[in-house]
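K.L.:
A structural model of the following input is requested.
(one chain, ligands or ions: 1)
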Amino acid sequence: MPVIEVDKLFKEYKTKNGEKKVALNGVSFDVHEGEVFGLLGPNGAGKTTTIKILSTLLLPTRGSASVLGIDVIRNGEQVRSQINFVYGGEKGVYGRLTAFEYLSYFCVLYRIPRKQQKLLIDELITMVGLEHAEGQQIYTYSKGMIQRLHIARSLINDPKVIFLDEPTIGLDPVGSKMLRELIKSLSKKGITFILTTHYMSEADELCDRIVFLKNGSMSSIGTPKQIKEECNDLNVFEATIQLFDQSGLENEELISVNDLQHITESYKTIKLEFKKNLDISELENVLKKYCQVIKIQRKEISLEDAYIYLMKDVE
Ligand SMILES: Nc1ncnc2c1ncn2[C@@H]1O[C@H](COP(=O)(O)OP(=O)(O)OP(=O)(O)O)[C@@H](O)[C@H]1O
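P.N.:
Next up is the predicted model:
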């Protein structure tokens, strides 16, 4: 049985001036035990609304959803004891407490018996790699360390499902990497993660499956590989060129130039997208009208390429 079942979820908000805003328009998906499942899409696509409904913070207008077979609408309290969540850039830490004191406070809130608290906190602190900083006040922590502390906090009630809303926002590459490794190791232990992120390389590395939301509806669902394969009429090349007619190249109808990145003053590497299935020599002939071609190669489609391609008509 899936850990999460979402069936035709529909959510309509009423805005302050009385207008109606459809945030979710019939979203359905299942998530399985130990999966890292990504909700991806542009601002306003409905990701946070989905997470809020599944974590019982918001009721849908129509549709149904369950976590571990428990209905989130009728039995929210039972669901809450089985889940937890971490929001990216979360402030709610008490800087003057140490990590140990902070987690002790939450142990009390979660009614963990006093005798078990120390053992549990030590275990969690080790799990998230903060044992060297356990006695330090939290205001001395880096953002990455704070985010790992939030993960430790989210594990206190032994949740089966954890919701992560942009967990690596504002973290440096090393902090992000450590957090991703932590999420992967916890998912191997059977915890299911529902994650939102705007970082496509992160989703590609971390997520077993992904759903792309677009204006409240599902546009694609599958493994990152399956989603990239959906874009089979997208051709991406990378070329190193010496440009003599920039505006000509920018206006060339056959090519869409994604990225104009300086390598040296005279050479540029550009990423090119084609709708038509040109081969490399045909592409080179088009480019030669505007530049000298030093090197050209076909690139594998990244999840970001797929995202931009699949989301291109979002308002
Ligand atoms: N409380 C609210 N009242 C009215 N409209 C809302 C409310 N909350 C969200 N919305 C609208 O619902 C839509 C979906 O919002 P949601 O926050 O779920 O998107 P999101 O995909 O999480 O976006 P982001 O990437 O910016 O976090 C948006 O158009 C948003 O403006």
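
K.L.:
can you give me the strands for the protein?
P.N.:
4-14, 20-31, 36-40, 62-67, 70-71, 83-87, 161-165, 192-196, 209-214, 217-222, 235-243, 256-262, 267-274, 291-298 (DSSP state E).

K.L.:
show me what the fifth one is packed up against.
P.N.:
Pointing back at strand 70-71 there. helix 76-80 (3 or more C-beta pairs under 8 Å, 6 or more residues apart in numbering; DSSP states H and E). In short, each C-beta sits where N, CA and C put it, glycine included.

K.L.:
which positions in the helix it packs on come out as buried?
P.N.:
79, 80 (16 or more other C-beta atoms under 10 Å).

K.L.:
contact partners of it?
P.N.:
Contacts to helix 76-80, defined as C-beta atoms under 8 Å, 6 or more residues apart in numbering, come from residues 55, 56, 67, 68, 70, 71, 72.

K.L.:
can you select the buried ones from these in ChimeraX?
P.N.:
Per 16+ other C-beta under 10 Å, the buried members of those correspond to this ChimeraX selection:
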select :55,56,67,68,70,72
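
K.L.:
between the contacts of helix 76-80, which is nearest the ligand?
P.N.:
Distance ranking of the contacts of helix 76-80 against the ligand, using C-beta to the nearest ligand atom, places residue 55 first at 12.7 Å.

K.L.:
need the contact list for that closest one.
P.N.:
Counting by C-beta under 8 Å, 6+ apart, residue 55 makes contact with 79, 80, 83, 85, 163.

K.L.:
quick one, grab the pLDDT at it.
P.N.:
Residue 55 carries a pLDDT score of 94 in this model.

K.L.:
for it, give its distance to residue 152.
P.N.:
For residue 55, the distance to residue 152 (C-beta to C-beta, to the nearest Å) stands at 19 Å.

K.L.:
same thing with residue 13?
P.N.:
34 Å.

K.L.:
same question, residue 129
P.N.:
Using C-beta to C-beta, one gets 10 Å for the distance from residue 129 to residue 152.

K.L.:
what does residue 251 give?
P.N.:
Distance from residue 251 to residue 152, by C-beta to C-beta: 54 Å.

K.L.:
between these two, which is the more surrounded one?
P.N.:
Each of residue 251 and residue 152 has its neighbours counted (other C-beta atoms under 10 Å); residue 152 has more, 24 against 10.

K.L.:
surely that one touches residue 124?
P.N.:
Yes: between residue 152 and residue 124 there is a contact at 4.2 Å, judged by C-beta atoms under 8 Å.

K.L.:
and for these two, which residues touch both?
P.N.:
With C-beta under 8 Å, 6+ apart as the test, residue 152 and residue 124 both reach residue 103.

K.L.:
where does this structure have low pLDDT?
P.N.:
Scanning the chain for pLDDT under 70 picks out 90-91, 257-277, 313-315.

K.L.:
pretty sure residue 192 is touching residue 33, no?
P.N.:
Yes: the criterion here is C-beta under 8 Å, and residue 192 meets it with residue 33 at 5.8 Å.

K.L.:
and for these two, which residues touch both?
P.N.:
With C-beta under 8 Å, 6+ apart, residue 192 and residue 33 have common neighbours 3, 160.

K.L.:
who's more crowded, these two?
P.N.:
residue 192 (25 against 15).

K.L.:
for the more buried one, give the beta-bridge partners.
P.N.:
When bridges are called by DSSP bridges, residue 192 pairs up with residue 161.

K.L.:
distance of it relative to the ligand?
P.N.:
20 Å (C-beta to the nearest ligand atom, to the nearest Å).

K.L.:
contacting residues for that residue?
P.N.:
Residue 192 sits next to 3, 4, 31, 32, 33, 34, 35, 36, 37, 160, 161, 162 when contact means C-beta under 8 Å, 6+ apart.

K.L.:
can you name the two of those that sit furthest apart?
P.N.:
Largest separation among these by C-beta to C-beta: 32 and 162, giving 14.8 Å.

K.L.:
who has more neighbours out of these two?
P.N.:
For the pair residue 32 and residue 162, the greater number of neighbours falls to residue 162 (23 against 13), based on other C-beta under 10 Å.
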